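Peer 1: Provide a 3D model corresponding to the input given below.
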Amino acid sequence: MHWASQLKRYRRNNGLTQIALAEILSVEQATISRWERGVHEPDLGFQKRLRSLIFGRGINSDHFIMQNVLHSPFAVKIANRHGQNLAASRSAAALHGVNQSFLATANYRPFFTEPLERHWKLAIEFGFFDGDLASIEVCNPWMPIGGGVEKLCVSYWIPAQLSDGEIVLISDFRVMSDDDSGAIERQPSFNARAMELI
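Peer 2: Below you'll find the model as predicted:
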């Protein structure tokens, strides 16, 4: 088997960086790089793991979801229905003024502003955590976990189902600045899109 081309194709098709694949396989990023460049070949134990991974008997999708959030260059978090964070990107942690590992496990619910609490309750009421919604766009003030002033942000909430059946919320958010057109006039809003059955 030509590991270099197989690994590159697998990684690109699944949207993984070399670092993310290295974490999945518990090796260094440099090892993945050497395998992909053909400098070294994986030993027999890794060849077996790689075959399972590439041909569909590999790792669970929960790990992919978490890795995509952890390594996202954007401000992204995953939370369960109770507001408990399960993963967070470095960009999200920077906006909150805390380190990534702290934000990734923090219960954010005590920091909800009144509009955010209202939006969260609407998401639950409309069946977001039951899989009834495809996405929600919200605009609301929020408080950084590390303290500071209230900020206005736009968030896109997307559901993801974990292997145990739990539906979690992936929040991709952006803080609005005074330079954003209409930021001052923007009021808290909640726009849900229902799942379409095909």
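Peer 1: helices of the protein, residue ranges please.
Peer 2: For the chain, helices defined by DSSP state H occupy the ranges 3-13, 18-25, 29-37, 44-54, 61-70, 90-96, 100-103, 114-125.
Peer 1: would JSON lines of those helices with mean pLDDT, distance to P159 and mean neighbour count be doable?
Peer 2: (C-beta placed from N, C-alpha, C; glycine too.) What follows is those, written out as JSON lines (pLDDT from 0 to 100; distance: least, Cβ to Cβ, whole Å; neighbours: other Cβ atoms under 10 Å):
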{"stretch": "helix 3-13", "mean pLDDT": "81", "distance to P159": "23", "mean neighbour count": "15"}
{"stretch": "helix 18-25", "mean pLDDT": "85", "distance to P159": "22", "mean neighbour count": "18"}
{"stretch": "helix 29-37", "mean pLDDT": "92", "distance to P159": "31", "mean neighbour count": "16"}
{"stretch": "helix 44-54", "mean pLDDT": "80", "distance to P159": "26", "mean neighbour count": "14"}
{"stretch": "helix 61-70", "mean pLDDT": "82", "distance to P159": "11", "mean neighbour count": "18"}
{"stretch": "helix 90-96", "mean pLDDT": "95", "distance to P159": "18", "mean neighbour count": "20"}
{"stretch": "helix 100-103", "mean pLDDT": "95", "distance to P159": "20", "mean neighbour count": "16"}
{"stretch": "helix 114-125", "mean pLDDT": "92", "distance to P159": "9", "mean neighbour count": "16"}
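Peer 1: of all these, which one is nearest I145?
Peer 2: helix 90-96 (4.5 Å; Cβ to Cβ).
Peer 1: nearest the geometric middle of this structure, what residue?
Peer 2: Note on the chain: the residue nearest the mean C-alpha position is V69, at 2.9 Å, using Cα atoms, centre = their mean.
Peer 1: residue contacts, it?
Peer 2: By Cβ atoms under 8 Å, 6 or more residues apart in numbering, the contact list for V69 reads V76, K77, I78, A87, A88, S89, I170.
Peer 1: could you rerun that using 7 Å?
Peer 2: V76, I78, A87, A88, S89, I170 (Cβ atoms under 7 Å, 6 or more residues apart in numbering).
Peer 1: repeat for G38
Peer 2: A4.
Peer 1: and the gap between it and W3?
Peer 2: Here G38 is placed at a distance of 8 Å from W3 (Cβ to Cβ, to the nearest Å).
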